[in-house]
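Trainee: Here is my input, please return the structure:
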Amino acid sequence: MPLPESFLQELKARCELSEIASSYVNLKRVGRNLVGLCPFHSEKSPSFNIFPENGSFYCFGCGAGGDVITFIRKIENLDYMESIRFLAQRAGLQVPESGVDDGMSRLRARILEINRETARYYHAILRSEQGAPGIKYLTGRGLTLQTIRHFGLGYAPESRFSLVDYLAKKGYTQNEIILSNVAVKGRNGKAIDRFYHRVMYPIIDLRGNVIAFGGRVLTDEKPKYLNTAETPVFNKGSYLFALNFAKSSCAEQLILCEGYMDVISMHQAGFTNAVATLGTALTPAQAHLMARYTKEVVICYDSDAAGQKAASRAIPILRDTGLLVKVLTIAGGKDPDEYIRSNGSNGRAKFKNMLDACGNDVEYRLQKVRQSCNLQNAEGRVAYLTGAAEILATLENRIEQEVYAGKLSEEVGVERDTIMRQVDKLRSRMKKNREAKQFKEFQQQTVGYRDSINPEKSQHLRAASAEEALIAYLMNNPERGMQIYEHLPPEKFVTAFNRRVYQVIMGRIIDGKAVSLTDISENFSMEEIAAIAKIFAKFHTVAVTDRDAQEYIQVILQENAKRNIENVASAPAQDIQSYLRELKQQKK
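Mentor: Numbers count the residues shown, from 1 in each chain. Here you go, the predicted model:
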């Protein structure tokens, strides 16, 4: 059963999108809209737009869009009903749960219960005789029992049915256990434990829910680390390990590490602002998540080639969120965990000194270029200045560019103005390449290519364009709905997606209900709502008049008739005659 109409209207009235979004994004007013850097992808120029008039948002860079419910679903990684509860709690409203069809929320709640029971089970095994291999490994890495308890670490025994049997006795079904990804389906179709003979690291979200696990094997078996796959409660690119602890002590900065053990060792040493990605490269979503809690991030990856390459990839992602970025490189190829342990009682103090002295990301990148060039000859100096100019060209702040250009001038003996001319030349080239790429993507979107939501658009561009314009008109002029419906029943729409949108809107108009993105969002996925928000954004500055609407109706009717007899060679004669009569009638 859907939520009561009165509740949805009250929620919509109390949860204004611009107010909610401003908690996550720095917004500036540009004309009638609010604009900022998109929280869902990495960008340097703001393309995230909020349209207060219809309560929608759309990013012209990544295509994310929707209403306030969609925004919360996407940025907090919640399902529809969880986002409703999130907003209701913020607005001081009670969600009317009775009769609400909430299947996905129930499944998510069930999976979270399974994860919690699994974490307790693994921790109990670790503290039993069965967990001896796990305790030996963790204490061998210098962890205290207090730290092990604090992070809820555990051990998955060697049996492939240990956890499955335990959860079954707790009343969870085999399908639920498999969907939570703590088990997988075996060859005989029965569930078997996904993790075995591994030290287990529970991954906990900001609300204290166990959402996933990382497991470190204690043999030479590959992979060394095994992580929970995507589930209804977990997306590995949207969370950070230990942020649930670090958020309380990260006012000045966050320390970004590569692995679980690095983070745990640093917390034990007193650096409780350390976090890590979850077995993947840093994502824009993770960078935006950090930006909600701090202004500065210190990248503290391993000193090997892979770690330094990962640091270079992370720098622009962090910078694009407005974060100040520093890079800490540990000499000797050690990771933070090894460095702290190898220095014994002095480990914390030495690491703190390195942390305080580490340079920013620009200095780090310039140093990497300098190390690869021989400054003793002209060829090496040219290579160094060329690489340095490419780095400065990526900086948005002119003052920052000129300060580093001045340092390079003193170091190499080349005029600062000469360096800045090269920087400006490179920036101009980068801008042209970016604009050319954006224009190509815009062209493809305009003609419907790569449209996964409405794949029929590219084959029926004229019809789809008219359908979109009419949908935008209806949302702004619902009082004209009944008149339009008389001339254009849903079956006349050419593309299936636009037909469904039209049906939902018309259903509400016929029932005398309000029509907005929030009112219809329950009927569509986040990707589909984004596609509808794109339609709103497209026609936001292009008003569709009553006369335009009538012309769009005629276009849709014509294109529908054409589609019905596309294969003229095989169409019966009476169909062709009928089509011609219909076209003649439309012209009248």
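
Trainee: ok, the nearest residue to Glu158 once chain neighbours are set aside to Val263 distance?
Mentor: Nearest non-adjacent residue to Glu158, counting by C-beta to C-beta, 6 or more residues apart in numbering: His197, 4.6 Å away. All C-beta atoms are positioned from the backbone trio N, CA, C, and that covers glycine. Using C-beta to C-beta, to the nearest Å, we find His197 at a distance of 23 Å from Val263.

Trainee: And those two? Which one has more around it.
Mentor: Set side by side, His197 and Val263 show more neighbours around Val263, with 29 against 17, by other C-beta atoms under 10 Å.

Trainee: For the stretch 301-450 of the chain, which segments count as helices?
Mentor: 305-319, 336-342, 347-357, 361-371, 378-392, 398-412, 416-446 (DSSP state H, counting those that start in this stretch).

Trainee: Show residues contacting the third one.
Mentor: Contacts to helix 347-357, defined as C-beta atoms under 8 Å, 6 or more residues apart in numbering, come from residues 255, 266, 269-271, 298, 328, 330, 336, 339-341, 343.

Trainee: List the residues that contact Leu163.
Mentor: Under the contact definition (C-beta under 8 Å, 6+ apart), the residues listed for Leu163 are 118, 121-122, 156, 182-183, 193, 195.

Trainee: Please tabulate the residues you listed in JSON lines, including the columns secondary structure.
Mentor: Listed next are the contacts of Leu163 as JSON lines, based on DSSP: H, G, I helix; E, B strand; the rest coil:
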{"residue": "Thr118", "secondary structure": "helix"}
{"residue": "Tyr121", "secondary structure": "helix"}
{"residue": "Tyr122", "secondary structure": "helix"}
{"residue": "Ala156", "secondary structure": "strand"}
{"residue": "Val182", "secondary structure": "coil"}
{"residue": "Ala183", "secondary structure": "strand"}
{"residue": "Asp193", "secondary structure": "strand"}
{"residue": "Phe195", "secondary structure": "coil"}
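
Trainee: now for those residues, which pair is the farthest apart?
Mentor: Farthest pair in the contacts of Leu163 (C-beta to C-beta) is Tyr122 and Ala183. Separation: 13.3 Å.

Trainee: The two - which one has more neighbours?
Mentor: Tyr122 (28 against 25).

Trainee: what sits against that one?
Mentor: Tyr122 sits in contact with 154-156, 163, 200, 202, 213, where contact means C-beta under 8 Å, 6+ apart.

Trainee: Tell me the one of those nearest Ile114?
Mentor: Checking the contacts of Tyr122 one by one against Ile114 (C-beta to C-beta), the nearest turns out to be Leu163, at 9.7 Å.

Trainee: what helix or strand does that closest one sit in?
Mentor: Using DSSP states H and E, the element containing Leu163 is helix 162-169.

Trainee: Now the element after that helix, going C-ward?
Mentor: Using DSSP H and E, the helix or strand that follows helix 162-169 in sequence is helix 174-179.

Trainee: Against which helices or strands is that following helix packed?
Mentor: Helices and strands touching helix 174-179, by 3 or more C-beta pairs under 8 Å, 6 or more residues apart in numbering; DSSP states H and E, are helix 103-126, helix 162-169, strand 183-185, strand 191-193.
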